[in-house]
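In: This is a predicted model, with the sequence first.
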Amino acid sequence: MDDLTDSEIPETARAIYADSTSLDFRMISEPLTGALLRTLAAAKPAARFLELGTGTGAATAWLLDGMDPASTLLSVENDEHLQSVARRHLGHDRRATFVTADAEPFLDSLRDQRFDFIFADTWAGKYLQLEQALRLLPVGGVYVIDDMLPQDSWPEGHEEKARQLLTHLTSDRRFQIVKLSWASGIVIAVRVDETARIFP
């Protein structure tokens, strides 16, 4: 089985991959991650999506390709130069709103809002302010992170941070968790109704 057979890459994502290569930007969501994000997005009609870490917009393009017309996507990035690539290729899509800001204070500003799907692709909402991000999810809300398998680019000590994050998420009884050795390593967490859940 070929993982990407019949998984057509969106034209916007192809253009973003090309621009990212010319910028030598390597911290980009690969097509396998994108294909999974698109499929998960398709399962959330009329939903509110939040992306923490636009980068150049590759994952953004995949998410938009899976979202229905009634859904919206809010994407935040602190690097204006990188996000300008996403704005150039995806800014015409009325479902998408791009914010150039530091994700940490931006997360705090969202405390009273709810999002049905969060893709945390930066430190904020993942290694920092995890709880602030998780609280934004209603029952049935989906939280996704990638880059959880060991990477050559990881600085010393990061593997332990990743291990601690995985331990924290798998022990959080508000969520059903699945860890996938897929692409760079994916974790999907779905918020459940604690009052209705039968715990062992």
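Out: Yep, it's here. Numbering: from 1, shown residues only.
In: can you tell me which residues contact residue 125?
Out: Neighbouring residues of residue 125 by CB atoms under 8 Å, 6 or more residues apart in numbering: 52, 103, 107, 118, 132, 133. Every residue, glycine included, has its C-beta placed from N, CA and C.
In: Pull out the buried members of these.
Out: Buried members of the contacts of residue 125, scored by 16 or more other CB atoms under 10 Å, are 52, 103, 107, 118, 133.
In: Touching, the first one and residue 127? I think so.
Out: Spelled out, that is residue 52. No. Residue 52 is beyond contact range of residue 127, at 11.2 Å (criterion: CB atoms under 8 Å).
In: So which of the buried ones among the contacts of residue 125 are in helices?
Out: Counting by DSSP state H, those place 103, 107, 133 in helices.
In: how about a markdown table for the residues you listed, with distance to residue 62 and pLDDT added?
Out: Output for these, formatted as a markdown table (distance: CB to CB, whole Å; pLDDT from 0 to 100):
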| residue | distance to residue 62 | pLDDT |
| --- | --- | --- |
| 103 | 20 | 92 |
| 107 | 22 | 94 |
| 133 | 20 | 97 |
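In: so which of these comes closest to residue 165?
Out: residue 133 (12.0 Å; CB to CB).
In: Look up the closest residue to that closest one, ignoring the ones flanking it.
Out: Once flanking residues are discounted, residue 133 sits nearest to residue 125: 3.6 Å by CB to CB, 6 or more residues apart in numbering.
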